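S.K.: structural data only, the sequence is not supplied:
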């Protein structure tokens, strides 16, 4: 078994997932903050839409992304005009797929943490003249830091394991879009069980370490 052949999907998966999880964390933090702190008509409907990728089959999410990112969509046309080629079956499309499926899990965890912040502390900061942004930055974020970290890690784990949506919008191009899950699928389908098991073990180890970190953070928070 070639070491380079083994490491290529692992390295690519980590790159894609890191990029996706950074996007997910930023979006989840801002959206969860507004959803936790404001009331408006249709809030429950909007939150249901935000959480849909958590329960929809990945192939359904992948099909929707195919339509949204396709060459006939305004996103696809804008990307092609800027970069000279379609966004589908690129590294960027793999990042988008991982981000979309990872978002709901990160969002729910982060929102729970923000809701757990004592509102009296936030009101005290406002009474002292702090703006909403300053309250968010200096009170809400520090007091919910453990939940934010857990949300990031859980989003990372979900993005790392994404298969269906990634395969539909990014394909399985070695060195460009072949992630660990798609590499496992191709290896097992082709009878290369040694390679498949090697990637499976790598995936289990990565996920185990990430979930161990989440459990440790949760334990420290309870104590």
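M.R.: The structure has been received and is ready for your questions. Quantities reported herein were computed from a predicted structural model and do not represent experimental measurements.
S.K.: just give the nearest non-adjacent residue to residue 19, would you?
M.R.: Nearest in space to residue 19, with sequence neighbours left out and distances taken as Cβ to Cβ, 6 or more residues apart in numbering, is residue 95 at 4.8 Å. Placement of C-beta: from N, CA and C, glycine included.
S.K.: tell me the pLDDT of the one you found.
M.R.: At residue 95, the pLDDT value in this model is 95.
S.K.: which stretch of helix or strand covers it?
M.R.: helix 91-115 (DSSP states H and E).
S.K.: starting at the chain centroid, how far to that helix?
M.R.: What separates the centre of helix 91-115 from the centre of its chain is 4 Å, taken as Cα atoms, centre = their mean, to the nearest Å.
S.K.: just stretch 20-40 next, same as before
M.R.: Its chain's average C-alpha position is 12 Å from that of stretch 20-40, according to Cα atoms, centre = their mean.
S.K.: just stretch 68-80 next, same as before
M.R.: Taking Cα atoms, centre = their mean, one finds stretch 68-80 lying 22 Å from the centre of the chain it belongs to.
S.K.: list the buried ones in the helix or strand bottoming out on mean pLDDT in the chain?
M.R.: None of the helices or strands of the chain scores lower by mean pLDDT, DSSP states H and E than helix 193-222, at a mean of 84. By neighbour count, with 16 or more other Cβ atoms under 10 Å as the criterion, the buried positions of helix 193-222 are 195-196, 198-200, 202-203, 206, 210, 214, 217.
S.K.: reformat those as a markdown table; add distance to residue 76.
M.R.: What follows is those, written out as a markdown table (distance: Cβ to Cβ, whole Å):
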| residue | distance to residue 76 |
| --- | --- |
| 195 | 34 |
| 196 | 34 |
| 198 | 36 |
| 199 | 31 |
| 200 | 34 |
| 202 | 33 |
| 203 | 31 |
| 206 | 32 |
| 210 | 33 |
| 214 | 36 |
| 217 | 39 |
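S.K.: the inter-axis angle of the lengthiest helix in the chain versus helix 91-115?
M.R.: Ordering each helix of the chain by length in residues (DSSP state H) puts helix 3-37 first. With axes from the mean of the first three to the mean of the last three Cα atoms, to 10 degrees as the criterion, the two stretches helix 3-37 and helix 91-115 enclose an angle of 40 degrees.
S.K.: which strands and helices sit next to helix 3-37?
M.R.: The elements that helix 3-37 packs onto, with contact taken as 3 or more Cβ pairs under 8 Å, 6 or more residues apart in numbering; DSSP states H and E, are helix 43-55, helix 91-115, helix 145-160, helix 180-189, helix 193-222.
S.K.: closest one to residue 11 among those helices?
M.R.: Ranking the helices and strands packed on helix 3-37 by distance to residue 11, with Cβ to Cβ as the measure, places helix 180-189 first at 9.9 Å.
S.K.: any stretches of this protein with poor pLDDT?
M.R.: Residue ranges of the chain with pLDDT under 70: 1, 218-223.
S.K.: again, 80 this time
M.R.: Across the chain, the stretches falling below the confidence threshold (pLDDT under 80) are 1-3, 217-223.
S.K.: the helix holding residue 95: which residues count as buried?
M.R.: Neighbour-count burial for helix 91-115, counted by 16+ other Cβ under 10 Å, picks out 91-111, 113-114.
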